[in-house]
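Trainee: With the input below, show me the fold.
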Amino acid sequence: MIYTLTFNPSLDYIVTVPKFTCGVVNRTTEEIIFPGGKGINVSMVLKNLGFENTALGFYAGFTGMELKRLVADKGIHAEFIPVDKGMTRINVKLRSEQESEINGQGPAIAASDIDKLYEKLDALKDGDILVMAGSIPDVMPQTMYMDIMKHLQGRNLKIVVDATRDLLVNVLPFHPFLIKPNNHELGEIFGVEICEKEDVVTYAKKLQERGARNVLISMAGDGAVLVAEDGSVYQAEAPEGKLINSVGAGDSMVAGFLAGYLEHGTYDKAFQMGVCTGSASAFSEELATKAEVLDLLEKNQNLF
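Mentor: Down below sits the predicted model:
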């Protein structure tokens, strides 16, 4: 079974205002609400690709109830933990001449809530996959990812981490199966600017030296790189298409990689599936469907 873990999920409220002006009443021309959070995005894309999975996380208040309803409507099994104080956050994404975002805080997750999460994690079985993605709320220990990997150490699990800076670096000694920084996040870790694929490979190998097994780096319109644990290096340009919505593209790449790996058992196929799934989401108003991914795969074999 595949499990995804989102510590601070959200309702993503996306509004379009053709010419937003501060200080006056602005009226929307379009409104959409999606269940949000990196792990939840991974769950939704995996479901679209035909892979059943379980979404873990926390929820609170009336917004949390709506999050649960929306996730269920997507056909995803969720085992969210209720939190007494606060509410599931609303992230407002304003589309206008410039795009802006206002992200909410999220509920007050208590130590007892974290204990309940560990109880759910203890139920994972040998061979399961756990995807931990996204930021950690301020009310939680900033060592949370590392604490979980330490807690699960010695279990036969494949753990995927999609996080930034210390959240990512601190888990490396516990040998995550896959990490997925983008090239800017990779550069932040080492205090350098990384724009070329050759430099991506160099610094990805440094993360392997620290303990990562496979390092998948997204580079937006410049493609992607995979440095695999067997010594292979895969590079690809981005498929051609019109960028419609970049939100969730990186999460989709993670889902596609896992889908490709589980279906074929090879890193080259996993990489191809990951690249095309990330791009399919970027070229769509919503997250990638299986048909969209397969279409891109068929049209872009020359990239690989």
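
Trainee: Roughly how far does the residue nearest the centre of the chain sit from residue 119?
Mentor: The centroid of the chain falls nearest to residue 251 when counting by Cα atoms, centre = their mean (3.2 Å). Residue 251 sits 26 Å away from residue 119, going by Cβ to Cβ, to the nearest Å. Placement of C-beta: from N, CA and C, glycine included.

Trainee: so what's residue 214 up against?
Mentor: Residues in contact with residue 214 (Cβ atoms under 8 Å, 6 or more residues apart in numbering) are 177-179, 226-229, 267.

Trainee: Where do the strands of the stretch 101-250 of the chain begin and end?
Mentor: In the stretch 101-250 of the chain, the strands defined using DSSP state E, counting those that start in this stretch lie at 129-133, 158-162, 178-179, 214-218, 224-227, 233-236.

Trainee: As TSV, the ones you listed with distance to residue 188 would be great.
Mentor: Output for those, formatted as TSV (distance: least, Cβ to Cβ, whole Å):
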stretch	distance to residue 188
strand 129-133	17
strand 158-162	15
strand 178-179	14
strand 214-218	13
strand 224-227	17
strand 233-236	21
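
Trainee: can you tell which of those strands is closest to residue 87?
Mentor: Closest to residue 87 of the strands of the stretch 101-250 of the chain, according to Cβ to Cβ: strand 129-133, at 21.4 Å.

Trainee: List the neighbouring strands of that closest one plus their orientation.
Mentor: Strand 129-133 has its sheet partners listed here by DSSP bridges as strand 2-6 (parallel), strand 158-162 (parallel).

Trainee: Would you mind finding the most buried of those strands?
Mentor: Among these, strand 2-6 has the highest mean neighbour count (mean count of other Cβ atoms under 10 Å), at a mean of 26.

Trainee: Centre of the chain to it, how far?
Mentor: In terms of Cα atoms, centre = their mean, to the nearest Å, the centre of strand 2-6 is found 10 Å from the chain centre.

Trainee: mind listing what the helix or strand just after it pairs with, with the direction of each?
Mentor: Downstream of strand 2-6, the first helix or strand assigned by DSSP states H and E is strand 10-16. Applying DSSP bridges, strand 10-16 is found paired with strand 30-36 (antiparallel), strand 89-95 (parallel).

Trainee: Need the residues that contact strand 10-16.
Mentor: With Cβ under 8 Å, 6+ apart as the test, strand 10-16 has contacts from 28-37, 63, 66-67, 70, 88-96, 103-104, 106, 247.

Trainee: mind redoing it with 10 Å?
Mentor: Strand 10-16 has contacts (Cβ atoms under 10 Å, 6 or more residues apart in numbering) with 26-37, 40-41, 63-64, 66-67, 70, 87-96, 99, 101-104, 106, 134, 245, 247-248, 285.

Trainee: thinking again about what came up before, please dump the strands of the stretch 101-250 of the chain into JSON lines; it should also carry distance to residue 146 and mean pLDDT for every row.
Mentor: Output for these, formatted as JSON lines (distance: least, Cβ to Cβ, whole Å; pLDDT from 0 to 100):
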{"stretch": "strand 129-133", "distance to residue 146": "10", "mean pLDDT": "96"}
{"stretch": "strand 158-162", "distance to residue 146": "10", "mean pLDDT": "95"}
{"stretch": "strand 178-179", "distance to residue 146": "13", "mean pLDDT": "96"}
{"stretch": "strand 214-218", "distance to residue 146": "18", "mean pLDDT": "95"}
{"stretch": "strand 224-227", "distance to residue 146": "22", "mean pLDDT": "95"}
{"stretch": "strand 233-236", "distance to residue 146": "27", "mean pLDDT": "94"}
